[in-house]
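[1] would you be able to build a 3D model of this:
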Amino acid sequence: MKKEQTTNIDETLKKLEAVKEWFDRQSEPNIEEGLKKVEEASLLVSEGRKRLAEIENRFEEIKKTMEREKI
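    Next up, the predicted model:
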């Protein structure tokens, strides 16, 4: 059975930074490439949000466990 790959927040942020830097380096607009970069960034943001929600849920589970066990 193939394990689903989990999005790494740090890697996602680095990729988003790379997209931002690409735009910063452009002296002339490249509409086609810019569209590709915006699409890439949109996917990265979506994946990042999903992962952050997973992390938040995990923290809530840990908090509930600690409260139940009076830790």
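
[2] so where's this structure shaky on pLDDT?
    1-5, 71 (pLDDT under 70).

[3] quick one: the strands in it?
    Along the chain, counting by DSSP state E, no stretch forms strands.

[4] give me the residue at the spatial middle of it.
    The centre of the chain sits closest to Gly48, judged by CA atoms, centre = their mean, with a distance of 2.2 Å.

[5] give the contact list for it.
    Residues near Gly48 by CB atoms under 8 Å, 6 or more residues apart in numbering: 7, 9, 12-13, 16. Placement of C-beta: from N, CA and C, glycine included.

[6] can you pick the most crowded of those?
    Thr12 (19 neighbours; other CB atoms under 10 Å).

[7] for it, which non-adjacent residue is closest in space?
    Counting by CB to CB, 6 or more residues apart in numbering, Thr12 lies nearest to Gly48, which is 4.5 Å off, once chain neighbours are set aside.

[8] and the one you found, how far is that from Glu33?
    Shown here: Gly48 relative to Glu33, a distance of 22 Å by CB to CB, to the nearest Å.

[9] next one: Lys50
    According to CB to CB, Lys50 and Glu33 sit 26 Å apart.

[10] related to what we said a few turns ago, mind putting the contacts of Gly48 in TSV, distance to Arg68 included?
    Output for these, formatted as TSV (distance: CB to CB, whole Å):
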residue	distance to Arg68
Thr7	29
Ile9	28
Thr12	33
Leu13	34
Leu16	38
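
[11] which one of these is nearest Ile62?
    Checking the contacts of Gly48 against Ile62 with CB to CB, the nearest one is Ile9 at 17.4 Å.

[12] distance of the residue nearest to the closest one when sequence neighbours are not counted relative to Phe23?
    Residue nearest to Ile9 in three dimensions, not counting chain neighbours: Arg51, with 5.7 Å by CB to CB, 6+ apart. Taking CB to CB as the measure, Arg51 falls 24 Å from Phe23.
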